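when you get a sec, could you give me coordinates for this:
(2 chains)
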Amino acid sequence: DGGITQSPKYLFRKEGQNVTLSCEQNLNHDAMYWYRQDPGQGLRLIYYSQIVNDFQKGDIAEGYSVSREKKESFPLTVTSAQKNPTAFYLCASSTPRTSGSETQYFGPGTRLLVL
Amino acid sequence: KNEVEQSPQNLTAQEGEFITINCSYSVGISALHWLQQHPGGGIVSLFMLSSGKKKHGRLIATINIQEKHSSLHITASHPRDSAVYICAVRVGRGGADGLTFGKGTHLIIQP
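Sure thing, here's the model as predicted:
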């Protein structure tokens, strides 16, 4: 089945440690996104990528980095510079906006906890 | 910056009731999405609207571009409809920038 997979489901980070969240899709979508969800708040955009080897900062990119070396993969690294990383992280991809019926597909999410 | 406001924040209803969730936004948009998030965290896209009305099963979504307002309706509600419903908008028409999200409406349907 086509879809988006994220791993791990739960991730624990020690102070000062970088961690990488995996996101893979087999939907053949060019556009991919990383969002962060905190309790009581709406999802916020961290980074997005329109195409391989290109990505743009979203609203809350500080303390995060991404890469897009393959169409299928868009990993997110939470660096030690991110002072409040505990959150639920969601990866998404979307059908082309030119299709007239853009649909966002979301992965199951990764919960990151700081020890 | 575009703001997306949803109401109500929380809604508890009895099975069979007609449900309405509202979404208002502050600037012009090119598309509005309604999403459903279940307790495990997974999110499913329900509708994408740029005008008018869409229906899928017991779900109906409408948008009024002039009034910057959208509604999601659930007819004959069922306990399995219990979830967080999220409104999200896309500003502008170029590129593939992400969505701006409301905080969600937590819906509980009691049997």
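
got a list of what the closest residue to B:Leu72 other than its chain neighbours touches?
Nearest residue to B:Leu72 in three dimensions, chain neighbours excluded: B:Ile21, at 4.6 Å (Cβ to Cβ, 6 or more residues apart in numbering or on different chains). C-beta here means a position set from N, CA and C on the backbone, and glycine is covered the same way. By Cβ atoms under 8 Å, 6 or more residues apart in numbering or on different chains, the contact set of B:Ile21 is B:6-8, B:11, B:71-73, B:85, B:87, B:105, B:107.

what distance do you get for B:Ile21 to A:Arg44?
Using Cβ to Cβ, to the nearest Å, one gets 21 Å for the distance from B:Ile21 to A:Arg44.

can you check A:Leu113 too?
18 Å.

one more: A:Pro108?
19 Å.

for the helix or strand B:Ile109 falls within, what is the distance to the chain centroid?
According to DSSP states H and E, B:Ile109 maps onto strand B:105-110. Taking the mean of its C-alpha atoms, strand B:105-110 sits 13 Å from the chain's own mean (Cα atoms, centre = their mean, to the nearest Å).

name the helices or strands packed onto that strand?
Applying 3 or more Cβ pairs under 8 Å, 6 or more residues apart in numbering or on different chains; DSSP states H and E, one finds that strand B:105-110 makes contact with strand B:10-14, strand B:19-25, strand B:83-90.

just these: most buried one?
With neighbours defined as mean count of other Cβ atoms under 10 Å in any protein chain shown, those peak in mean count at strand B:83-90, which reaches a mean of 24.

next secondary structure after that one?
Heading C-terminal from strand B:83-90 (DSSP H and E), you reach strand B:100-101.

helices or strands up against that following strand?
strand B:83-90.

so does the strand it packs on get close to chain A?
Yes: residues of strand B:83-90 contacting chain A under Cβ under 8 Å from any Cβ of the partner chain: B:86, B:88, B:90.

just checking, A:Gly16 touches A:Ser80?
Yes: A:Gly16 is within contact range of A:Ser80, at 4.8 Å (criterion: Cβ atoms under 8 Å).

those two - which one has more neighbours?
Ranked by neighbour count (other Cβ atoms under 10 Å in any protein chain shown), A:Gly16 and A:Ser80 place A:Ser80 first, with 14 against 7.

count the residues that sit near B:Met48.
Neighbour count of B:Met48, defined by other Cβ under 10 Å: 22.

relative to chain A, how far out is the residue nearest to B:Leu72?
Here the criterion is Cβ to the nearest Cβ, to the nearest Å. By it, B:Ile21 lies 14 Å from chain A.

ok, that residue to A:Ala87 distance?
In terms of Cβ to Cβ, B:Ile21 sits 24 Å off from A:Ala87.

same deal with A:Val78?
9 Å.

residues shared between the contacts of those two?
A:Leu112.

one step back: lowest-confidence entry in the residues of strand B:83-90 next to chain A?
Ranked by pLDDT, those bottom out at B:Arg90, which has 86.

name the residues linked to residue 10 by a beta bridge.
Looking at chain A here, since you left the chain open. Beta-bridge pairing of A:Tyr10 under DSSP bridges involves A:Arg111.

actually, chain B is the one I wanted.
Bridge pairing for B:Asn10 - DSSP bridges - gives B:His106.

fine, thanks again, bye for now.
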